[in-house]
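In: After the sequence you'll find the predicted model.
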Amino acid sequence: MRRSKFKEPKTVLVFNGARVLVAIVRSLHSASLLSRGNLQAISFCCTGKYVSTGGFYFRHIHPDIEVEIGDLDTLNLEEYDKMCGVRRRYHSVREMARRRTIQENKRKTANNDGKETDETGI
């Protein structure tokens with residue numbers, strides 16, 4: 001038995017806006033690094049409190065379902081939720097594309113705010 005006060009990390013499945021599996025990561029922290037998203041928002045997506053965040057859908061891997069590397073680009077989000085016996089809401093593909101664009105634009109403007117665009121520094 002492990003003697004640590006920390007919980008074991010839960011594997012997270014990452015689905016794109018078209019609801020196709022694009023990544024399998026070992027923890028919530030790894031998912032936040034991959035998507036450059038908020039850790040708590042990703043956690044809420046995994047538990048069902050949020051529908052999506054940052055243009056992605058996130059799910060904890062179900063203990064009774066085996067997901068392999070071969071399922072990348074083939075496993076559909078609706079199929080996975082059916083196998084888990086869970087009913088969730090989904091955004092349309094168009095809405096997810098819009099949300100992803102907004103997120104990328106926010107990231108770009110945040111990166112540009114800290115940099116000088118003029119060579120003279122004025």
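Out: Structure's in. What do you need?
In: Do a quick rundown of the helices in the chain.
Out: 28-35, 39-47, 77-84, 93-113 (DSSP state H).
In: For Ala18, find the nearest of those helices.
Out: Shortest distance between Ala18 and the helices of the chain, using CB to CB, is found for helix 93-113: 5.5 Å. C-beta here means a position set from N, CA and C on the backbone, and glycine is covered the same way.
In: Quick one: residues in contact with the closest one.
Out: Helix 93-113 has contacts (CB atoms under 8 Å, 6 or more residues apart in numbering) with Asn16, Gly17, Ala18, Arg19, Arg36, Gly37, Ser52, Gly54, Gly55, His91.
In: ok, now stretch 56-69?
Out: 10-17, 19, 21-22, 24, 31, 35, 37, 42, 45-47, 51-52, 75, 77, 80-81, 83-84, 90.
In: if we can go back for a sec, CSV for the helices of the chain, including mean pLDDT?
Out: What follows is the helices of the chain, written out as CSV (pLDDT from 0 to 100):
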stretch, mean pLDDT
helix 28-35, 90
helix 39-47, 91
helix 77-84, 89
helix 93-113, 84
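In: got the ones you listed as JSON lines, with distance to Arg59 columns?
Out: Listed next are these as JSON lines, based on distance: least, CB to CB, whole Å:
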{"stretch": "helix 28-35", "distance to Arg59": "10"}
{"stretch": "helix 39-47", "distance to Arg59": "6"}
{"stretch": "helix 77-84", "distance to Arg59": "7"}
{"stretch": "helix 93-113", "distance to Arg59": "15"}
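In: Same list (these) but as TSV, adding mean neighbour count and distance to Ile69.
Out: Putting the helices of the chain into TSV (neighbours: other CB atoms under 10 Å; distance: least, CB to CB, whole Å) gives the following:
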stretch	mean neighbour count	distance to Ile69
helix 28-35	18	16
helix 39-47	18	20
helix 77-84	15	15
helix 93-113	12	24
